[in-house]
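# sequence-free structure coming up:
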DNA sequence: GCCTGCGTCATACCTAGGTATGATCGCAAA
DNA sequence: TTTGCGATCATACCTAGGTATGACGCAGGC
């Protein structure tokens, strides 16, 4: 929610397409294709180059050849995921087969194009990938902000927040963790202030986003 | 949540594998493969047969040949989705290509196997599909129950529920819809009772599951 | 015409939540 | 050692939520 100073790259920031292919000819032709539609690019000839450098914190996606020097594109997909690099990936291949494409798609690839492909197919895939990335980044940012607020809570406040968002009354929370009700109220007030919410409903939603509400057996009784 | 009488098929109910292939030989060999591991099967020679009959309300999945008489397996996938038949689908094909497999996976297929495949690969795929179906069914059931409760609310009660779960105070709700605070309290009490919850926190979670909380601008102010 | 369900509201009473003030204690950093 | 923060609790006061009782009007169905 709170995006204070560093509002350097608003939604208008150009998206970036990261191209990884060992064939310089492919790289340059993709480069001009994407630039022709107003996208920025970054070119890599190998996974090592990509993993070595710093990737920008910008909306974007990766266009990746399956056959690469060193690790394969599919392995790279896994490594990137492990490192928390969530750029959507579009695969290209000259000698692909069905199991390969299925494996890539299962692992979350946006598309899997056989070379040679039509420019338009690649552009469509990139458009879909960028849309997915925008969605992903929006969710990540929202969750990030909520987590940052949660980090400012003390241990006690987090404990109280868990019980409160589970629907317990202050006196029940007090009983459970051996405090007076008045102290619970104070913690609760601090939680509301630090989490930046004015209503319990909003607090519950933030707790859900964090997955921190104390799990209770449902108080259901239709 | 509430699964009253008709507890006819508990979790122990055998899962069913729906086989659709125009080749009778394939059908019978898959049939015995699945039966050998304790799964029930249902065999169809064409999409029409499948769409004509009644599918059981049981955990299961579909094993589908891409090339079928009438519509293709991929089209059938779309038709089933439209009809709300959410069984996970495993495709098989003898003459598939990469675009075909990618399209199927994009549309949510669990796997896409080229014939001939190893029995074990098929069994692994079915295991994954059944796991996905169990997950899907559990979520659907939970949401179904919540929706059933929501259906019992009157129009006014739903309106009040929307505002309350958005975090508004009773008096604010009263002002917004032109009622007295006391009336809002009554509706609110009815909502809590009919929705089967005892705390606002639980009501907020159910409202989230339904997507019915009145969207308000966030009352954020870190 | 009567009953039922819905919606409306009032009075009254009780519980729960929220906050301010003030105080004590322990611990760790300055 | 002093300072600051977190945690604890009390008293007091106010607001918000919850419910019971009773009442009225209206529409639809028997």
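Structure received. None of these values were measured; they are calculated from a predicted model.

# can we go C-alpha only for contacts and neighbour counts from here?
OK.

# which element is residue A:30 on?
Per DSSP states H and E: residue A:30 is located in helix A:24-36.

# Now do the buried residues in that helix.
Within helix A:24-36, the residues that qualify as buried by neighbour count (16 or more other C-alpha atoms under 10 Å in any protein chain shown) are A:27, A:30-31, A:33-34.

# Might you enumerate the residues of chain A proximal to chain B?
By C-alpha under 8 Å from any C-alpha of the partner chain, the part of chain A that sits against chain B consists of A:1-2, A:96-99, A:101-102, A:105-106, A:110-114, A:149, A:165-168, A:193-202, A:204-205, A:219-222.

# Mind checking which of those residues land in helices?
With helices taken from DSSP state H, the overlap with these comprises A:98-99, A:101-102, A:105-106, A:149, A:165, A:193-194, A:200-202, A:204-205.

# Closest one of the residues you listed to DNA strand C?
Within the set of these, residue A:200 lies nearest DNA strand C; the separation is 6.4 Å, counting by C-alpha to the nearest atom of the strand.

# was I right about that closest one contacting residue B:166?
No. Using C-alpha atoms under 8 Å, residue A:200 is not in contact with residue B:166; the gap is 9.3 Å.

# And the two? Which one has more around it.
When neighbours are counted by other C-alpha atoms under 10 Å in any protein chain shown, residue B:166 comes out ahead of the other of residue A:200 and residue B:166, with 24 against 20.

# any chance you could map the strands in chain A?
Across chain A, reading from the start of the chain, the strands by DSSP state E fall at A:16-20, A:40-44, A:60-65, A:89-93, A:111-114.

# Out of the buried residues of helix A:24-36, the closest to chain B would be?
Of all the buried residues of helix A:24-36, residue A:30 has the smallest distance to chain B: 20.4 Å, by C-alpha to the nearest C-alpha.

# For that closest one, give its distance to residue B:170.
Separation of residue A:30 from residue B:170 (C-alpha to C-alpha, to the nearest Å): 59 Å.

# list the buried ones in the helix or strand of chain A with the lowest mean pLDDT?
The helix or strand of chain A with the poorest confidence is helix A:47-52; it has a mean of 87 (mean pLDDT, DSSP states H and E). Neighbour-count burial for helix A:47-52, counted by 16+ other C-alpha under 10 Å, picks out A:47, A:50.

# how far does that helix sit from the chain's center?
Shown here is helix A:47-52, whose average C-alpha point lies 21 Å from the average C-alpha point of the whole chain (C-alpha atoms, centre = their mean, to the nearest Å).

# and stretch A:37-48, how far out from the chain's middle?
Taking C-alpha atoms, centre = their mean, one finds stretch A:37-48 lying 20 Å from the centre of the chain it belongs to.

# Pull up the distance across that stretch, start to finish.
By C-alpha to C-alpha, the extent of stretch A:37-48 from end to end equals 28 Å.

# nearest to residue B:141, of the strands of chain A?
Judged by C-alpha to C-alpha, the one of the strands of chain A that comes nearest to residue B:141 is strand A:111-114, at 32.3 Å.

# neighbours of residue A:54, just the number please.
Close neighbours of residue A:54, defined as other C-alpha under 10 Å, add up to 8.

# can you pull the contacts of it?
When the contact criterion is C-alpha atoms under 8 Å, 6 or more residues apart in numbering or on different chains, residue A:54 has no partners at all.

# Pop the domain breakdown of chain A in here.
A:16-140, A:152-210 (automatic domain parsing).

# what sits against whichever residue of chain A sits closest to DNA strand D?
Going by C-alpha to the nearest atom of the strand, DNA strand D is nearest to residue A:179 of chain A, at 3.3 Å. In this structure, residue A:179 makes contact with residue A:173, judged by C-alpha under 8 Å, 6+ apart.

# What separation do you get for the residue lying farthest from the centre of chain A and residue A:172?
Seen from the C-alpha centroid of chain A, the residue lying at the greatest distance (C-alpha atoms, centre = their mean) is residue A:180, 40.7 Å away. Computed with C-alpha to C-alpha, the distance linking residue A:180 and residue A:172 is 10 Å.

# With residue A:163 instead?
The spacing between residue A:163 and residue A:172, counted by C-alpha to C-alpha, is 9 Å.

# Please say which of these two ends up with more neighbours.
Neighbour totals were compared for residue A:163 and residue A:172, and residue A:163 leads with 22 against 17 (other C-alpha under 10 Å).

# Surely that one and residue A:213 touch.
Yes. Taking contact to mean C-alpha under 8 Å, the distance of 6.7 Å between residue A:163 and residue A:213 places them in contact.

# Could you check the pLDDT of residue A:8?
Among the per-residue scores, residue A:8 holds a pLDDT of 44.

# er, residue A:199 I mean
Note on residue A:199: pLDDT of 95.

# So what does it look like in phi/psi?
Per-residue torsions, residue A:199: phi -130, psi 150 (degrees, to the nearest 10).

# what about it, neighbour count?
Quick note: residue A:199 (other C-alpha under 10 Å) scores 16 neighbours.

# With residue A:87 instead?
Here the neighbour count serves as a burial measure; for residue A:87 (other C-alpha under 10 Å) it reads 25.

# what does the one 10 residues further on give?
Summarising burial for residue A:97: neighbours were counted as other C-alpha under 10 Å, giving 15.

# didn't it look like it was pressed against residue B:98?
Yes. A contact is recorded between residue A:97 and residue B:98 when judged using C-alpha under 8 Å, the distance being 6.5 Å.

# How about the contacts made by the nearest residue to residue A:30 once chain neighbours are set aside?
With C-alpha to C-alpha, 6 or more residues apart in numbering or on different chains as the measure, residue A:19 is the residue that lies nearest to residue A:30, at 7.7 Å, once sequence neighbours are left out. If you count contacts by C-alpha under 8 Å, 6+ apart, residue A:19 has them with A:27, A:30-31, A:41-44, A:62-64.

# picking that back up, between the domains of chain A, which one is nearest to residue B:14?
The closest of these to residue B:14 is domain A:16-140. By C-alpha to C-alpha, the value is 26.7 Å.

# Could you tell me how many residues sit around the residue lying closest to residue A:111 once chain neighbours are set aside?
Nearest non-adjacent residue to residue A:111, counting by C-alpha to C-alpha, 6+ apart: residue A:90, 4.9 Å away. Other residues near residue A:90 number 25, with proximity taken as other C-alpha under 10 Å.
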